[in-house]
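Asks: give me a model of this one.
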Amino acid sequence: MTAAAATVPPSPLPEDRRVLLTRLVDGLDGNSLWWLSGFAAGLAQGHPPPSLALVQPAQPAAQAAGRLTIVYGSQTGNARRSAEQLAAESEAAGLSVRLLRADAYPTRELAGERLLYVVISTQGEGDPPDDAIGFVEFLNGRRAPKLPELKYAVLGLGDSSYADFCGIGRKLDARLAELGAQRLQALGEADLDIDTVATPWRAKAVADARETLGNAAVPAASNVTPLRHGQASAWSAQHPFNAELLSRQLVSGRDFKGPAFAVQAGIDKRVHHLELSLEGSGLQYEPGDALGIIHRNPPRLVDSILAATGLDGDATVEHDGHARPLAQWLAEHRELTRISRPLLATVAERGGNAELAALLEPARAGELAAVFGDHQLVDVLQRWPADWDAAALVAALRPAAHRLYSIASSRKRVGEEVHLTVDELAYAAHGRDHLGAASGFLAALEEGAPVPVFVEPNERFRVPADASRDIIMVGPGTGVAPFRGFVQERAESGAAGRNWLFFGARHFNSEFLYQVEWQEALQKKELHRLDLAFSRDQAEKIYVQHRLREQGRELYDWLQNGAHFYVCGAIGMGKDVHAALLEIVASHNGGDAEAATEYLSSLQREGRYARDVY
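Replies: Coordinates of the predicted model:
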């Protein structure tokens, strides 16, 4: 029997790669196969598999009829955790469950599904998370099958401070119904306080699954078990580790050229490099992961809310079974910078403000988005006054949400430390100064202070397992943070592939983050190419996407030779970079825009085009 004839589980590889692998192993003897398995295992060291379900070799109709399939699309981990919790609760109820990340779901099997739950987050202005792009495109495309025998439900996660709240969840819910599937319960639309909606949604989902599968359920012994990265960390958003701040250094606002050179603009951006100790925590991370920060709202923010409402910070407020002074609620347990649609609706109702109520109408989504973009809570309270009491204010505000920062280091170089690059948010609007909640908290810390943290894995944003692959990194501003970790990781592991970085900021003099480190990396051949775009140092604004176009021929050659492409930074920048990539690919493939789109989609499916945008 040949190697190709052996029975193996279905591959998570794209079809073209699966075919190539089958050809490669066909006819190999035992010694060759053992050598190949060792080679692959070596490449996989330090790159644990994502949390995908083990799929049984065959999926006959009887098995599909007795099984619940859960598909999730997640950008920051919230949808993944909700899906895993749903899977655990379903298995505890005796159901057979298959849990898959959206980019690993075999879409050819959709027509045979009988019970499907989708848990998906919405990014920015109605975009799907990167791991669900292919799944969403398939469902919206011509190849999507009719689904008259499918029963389904969708749980959407989002942030109501964006106009298109849970937009992808709503679109998938409607599309599945359009394809003929039967909706078991209404779309769940969870805001940042996820459990308020997700917990009752999951309870009904499990009950519906038990009723739907009934006697057709596959015995529990055959349940699919999700893969894990080993033991889960003891530290989480609910139970963070207090990391000691070892160092905080300002890495912007310096005159890098020296006083003999002109400074093009005043210094109005403060970016901090933070080094935290993880000693004794057992926390582990890979370059590309994020560090969750549990912040305390700065006193200035708390004082501004108390002044705007005229309330007494010492007044005791009972809420959700807890009694605390109002000032403590505001400092530790409530969002004071990010506003939401439910908050605005409450403000309009309490103040009897018709103007604000009208602003919440769907036809005025653009105006509402502008409010979300530049209003903090204090602006809302002063622009639309209302009569508040302490208990009503606490009830109206969203629970405080942790913040995620891209990790800017490699453990191979820094050991039991983790480094961050933090842009201290500060701006003037509506006649007053504003500051960021988490960035203001971090920027004010003294060395030795404890910082509550946890690690949020980002499995789709990793250096290539094949260390001989070249990588191209696009990271303007603090988006460069993970690529500092990438370069350190590749240098420490002796990766043979080349590293090409595109960095952008407004001014060379004051915002060239980690300039000395990049220059040293170039000298040591740890970084092989560096292209820079400083948008405000000349009359014509130049951004990273312009530099990409300038290097289009070589960039395309790198991609054709197997390079991986990474983008980190603002959502708008990510879209501009994507548009530039489409132009570059089209210009070098004969001008076929449709083929260029498919080319980039295939890179995403293969894990060679990864984005971490926010």
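Asks: can you give me the strands in the stretch 451-600 of the chain?
Replies: With DSSP state E, counting those that start in this stretch as the criterion, the stretch 451-600 of the chain has strands at 471-474, 499-505, 529-534, 564-569.
Asks: turn those into a markdown table, columns for mean neighbour count, distance to residue 69 and mean pLDDT.
Replies: Glycine gets a C-beta too; all of them are placed from N, C-alpha and C. A markdown table is the format used below for the strands of the stretch 451-600 of the chain (neighbours: other Cβ atoms under 10 Å; distance: least, Cβ to Cβ, whole Å; pLDDT from 0 to 100):
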| stretch | mean neighbour count | distance to residue 69 | mean pLDDT |
| --- | --- | --- | --- |
| strand 471-474 | 24 | 34 | 98 |
| strand 499-505 | 24 | 39 | 97 |
| strand 529-534 | 18 | 44 | 97 |
| strand 564-569 | 24 | 30 | 97 |
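Asks: nearest to residue 436, out of those?
Replies: Taking Cβ to Cβ, strand 564-569 is the member of the strands of the stretch 451-600 of the chain nearest to residue 436, at 16.5 Å.
Asks: does residue 406 really touch residue 613, like I thought?
Replies: No. Look at residue 406 against residue 613 with Cβ atoms under 8 Å: they stay out of range, at 10.8 Å.
Asks: what do these two both touch?
Replies: residue 568 (Cβ atoms under 8 Å, 6 or more residues apart in numbering).
Asks: who has more neighbours, these two?
Replies: Each of residue 406 and residue 613 has its neighbours counted (other Cβ atoms under 10 Å); residue 406 has more, 27 against 20.
Asks: what is the one helix or strand that one maps to packed up against?
Replies: If you go by DSSP states H and E, residue 406 is part of strand 403-406. Applying 3 or more Cβ pairs under 8 Å, 6 or more residues apart in numbering; DSSP states H and E, one finds that strand 403-406 contacts strand 290-293, strand 417-423, helix 481-492.
Asks: any idea of the mean pLDDT for that strand?
Replies: Averaging pLDDT along strand 403-406 yields 96.
Asks: on that earlier part again, got CSV for the strands of the stretch 451-600 of the chain, with distance to residue 521 too?
Replies: Formatted as CSV, the strands of the stretch 451-600 of the chain follow (distance: least, Cβ to Cβ, whole Å):
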stretch, distance to residue 521
strand 471-474, 12
strand 499-505, 8
strand 529-534, 8
strand 564-569, 16
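Asks: what's the longest strand in this structure?
Replies: Criterion DSSP state E: the longest strand present in the chain is strand 241-250.
Asks: in its sheet, what does the helix or strand just after that one sit against?
Replies: Using DSSP H and E, the next helix or strand after strand 241-250 towards the C-terminus is strand 271-277. Looking at strand 271-277 with DSSP bridges, its partner strands are strand 241-250 (antiparallel), strand 417-423 (antiparallel).
Asks: deepest of those, which one?
Replies: Stretch with highest mean neighbour count among these: strand 417-423 (a mean of 23; mean count of other Cβ atoms under 10 Å).
Asks: which secondary structure elements does the next helix or strand after that one contact?
Replies: Per DSSP H and E, the first helix or strand lying C-terminal to strand 417-423 is strand 426-429. Secondary-structure packing of strand 426-429 (3+ Cβ pairs under 8 Å, 6+ apart): strand 432-435.
Asks: measure residue 241 to residue 295 for me?
Replies: 15 Å (Cβ to Cβ, to the nearest Å).
Asks: equivalent analysis for residue 445, please.
Replies: Going from residue 445 to residue 295 by Cβ to Cβ gives 10 Å.
Asks: who has more neighbours, those two?
Replies: residue 295 (20 against 15).
Asks: wait, isn't that one in contact with residue 437?
Replies: Yes. Under the criterion of Cβ under 8 Å, residue 295 makes contact with residue 437 at 5.9 Å.
Asks: shared neighbours, these two?
Replies: Both residue 295 and residue 437 are in contact with residue 403, where contact means Cβ under 8 Å, 6+ apart.
Asks: which residues does residue 251 contact?
Replies: By Cβ under 8 Å, 6+ apart, residue 251 lies in contact with 271-273, 421, 513-514.
Asks: top of these by neighbour count?
Replies: Of all the contacts of residue 251, residue 421 has the most neighbours under the rule other Cβ under 10 Å, reaching 25 neighbours.
Asks: for that residue, list the residues it contacts.
Replies: Contacts of residue 421 (Cβ under 8 Å, 6+ apart): 251, 271-274, 405-406, 408, 478, 480-481, 484, 513.
Asks: rerun at 10 Å
Replies: If you count contacts by Cβ atoms under 10 Å, 6 or more residues apart in numbering, residue 421 has them with 251-252, 271-274, 405-409, 475, 477-482, 484, 513-514.
Asks: equivalent analysis for residue 334, please.
Replies: Neighbouring residues of residue 334 by Cβ under 10 Å, 6+ apart: 297, 302, 305, 319, 326, 328, 377, 393-400.
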